[in-house]
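Chemist: sequence unknown, structure follows:
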């Protein structure tokens, strides 16, 4: 519309646009500490002649009809979201493994006076003491005590491993339950985004929520999200389409591929790391029992009777079940010859030599320690990369208070200029209406 009244429309559009810019900047500032918030920017569009004018149409406006809000832009690139989810999945995988393995390493207590290595050394020393003084009942009693301590040390360490495995199984169940809830939330958010898109309502807040849900799903499962045409997310875990639009699927631990995410880490702990250490302890207990019992059966006790088993284990659960089955110190078969009132100690050396699993145990603990150190180092290195990716994303998506204040001041000045234009036009109209033609 040409003329002075049309200029009022231009001034009004400028004021409305500047007000929108100030509102958005204020909202950005208000959410500077809100987790997952992506800053917005107002996109303006010049209002002018029709792009495709009709035949015989006229457009008399010089310079256009003002400005209009074309929409809001979320200041984040989708590729930055993709990389952030990928790195967070890797970070969670490594952190979960490192935390669990470090906790178990502390429970192993090696090297230390209360560890299994010290208990094995004390058992071997007790056989050496018995060889030096086979008639001493205290020395014989010490053999039984030290053997029981070895059983306690094995049982304690194996119990720690099993407790950790149980904790991980519970955590897997809880994580799968959280995944189910998040998948439902993402499907509902997809529906809301679709509705907002169709009705041309701003969906920025819904998309912030969408991003938060997808990031948490990636941390739990290591899965990937793909952007839908309507602005929602599909989410895939391995070969399972967990979320497709507004539809969800059920996820099990076996569906989660290895290498990324909390569930994969906990599954690997249960099935690989912790299981391997427990198997190693069972082998050590079984080998120790077999060697000691073989040596003990080859000797005679203090009364000249043939020796039997000194310890016993349950097959398949040796570390937790190794126990001393001899209760009378006189029945310790330290002698290599038969006969009553036997003070021979020839078999005590064989019993000491039978305690030879200490080297196997050192290898087991050393290997476990190397795994802990390697996993911790990888988690630390991954943290550097994850922080870099997050910083790069926040460079665009995060709220910068200085930048927002600059935008707000610029919009304020624009608003003041538009108001000044409107005041000038008001004076022009006042002159035209109230003063023109008056004598």
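Modeler: Yep, that arrived. Everything numeric here is computed off the predicted structure, so don't read it as measured data.
Chemist: Not counting sequence-adjacent ones, nearest residue to residue 284?
Modeler: The shortest distance from residue 284 to any residue other than its chain neighbours is 4.9 Å, reached at residue 357 (Cβ to Cβ, 6 or more residues apart in numbering). (C-beta placed from N, C-alpha, C; glycine too.)
Chemist: Surely the one you found and residue 286 touch.
Modeler: No. Counting by Cβ atoms under 8 Å, residue 357 stays clear of residue 286, with 9.4 Å between them.
Chemist: So what pairs up with residue 324 in the strands?
Modeler: Taking DSSP bridges as the rule, residue 324 bridges to residue 311.
Chemist: check contacts around it.
Modeler: 144, 147-148, 151, 310-311 (Cβ atoms under 8 Å, 6 or more residues apart in numbering).
Chemist: one step back: in terms of neighbours, single out the busier of residue 357 and residue 286.
Modeler: Using other Cβ atoms under 10 Å as the criterion, residue 357 and residue 286 rank with residue 357 on top: 22 against 17.
Chemist: measure the more buried one to residue 299 for me?
Modeler: 20 Å (Cβ to Cβ, to the nearest Å).
Chemist: Then residue 361?
Modeler: Taken as Cβ to Cβ, the span from residue 361 to residue 299 is 25 Å.
Chemist: again with residue 101
Modeler: 42 Å.
Chemist: biggest helix in this protein by residues?
Modeler: The longest helix of the chain (DSSP state H) is helix 137-198.
Chemist: Leaving out chain neighbours, which residue sits closest to the spatially most central residue of the chain?
Modeler: By Cα atoms, centre = their mean, the chain has its centre lying nearest to residue 92, at 2.6 Å. Nearest non-adjacent residue to residue 92, counting by Cβ to Cβ, 6+ apart: residue 219, 4.3 Å away.
Chemist: I'd guess the one you found is in a helix, am I close?
Modeler: Yes. Counting by DSSP: H, G, I helix; E, B strand; the rest coil, residue 219 is part of a helix.
Chemist: returning to that earlier point: would you list the phi and psi of the residue nearest to residue 284?
Modeler: phi -90, psi 0 (degrees, to the nearest 10).
Chemist: Where does pLDDT dip in the stretch 301-439 of the chain?
Modeler: 339-344, 437-439 (pLDDT under 70).
Chemist: got the contact list for residue 89?
Modeler: Contacts of residue 89 (Cβ under 8 Å, 6+ apart): 218-219, 221-223, 260-261.
Chemist: now swap in residue 183 and tell me
Modeler: Taking Cβ under 8 Å, 6+ apart, one finds 217, 235, 242-243, 248-249, 251 in contact with residue 183.
Chemist: what's around residue 265, how many residues?
Modeler: Neighbour number of residue 265 under other Cβ under 10 Å is 30.
Chemist: so it makes contact with residue 96?
Modeler: Yes. Look at residue 265 against residue 96 with Cβ under 8 Å: they come within range, at 3.8 Å.
Chemist: List the buried residues for the helix or strand harbouring residue 412?
Modeler: Assigned by DSSP states H and E, residue 412 belongs to helix 401-430. For helix 401-430, a neighbour-count test (16 or more other Cβ atoms under 10 Å) marks 404, 407-408, 411, 414-415, 418, 421-422, 425 as buried.
Chemist: With adjacent residues omitted, what lies nearest to residue 231?
Modeler: residue 193 (4.7 Å).
Chemist: count of neighbours near the one you found?
Modeler: 21.
Chemist: Enumerate every residue touching it.
Modeler: Residue 193 is in contact with 203, 206-207, 210, 230-232, counting by Cβ under 8 Å, 6+ apart.
Chemist: Which of those are buried, as a ChimeraX select command?
Modeler: Per 16+ other Cβ under 10 Å, the buried members of the contacts of residue 193 correspond to this ChimeraX selection:
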select :203,206,207,210,231,232
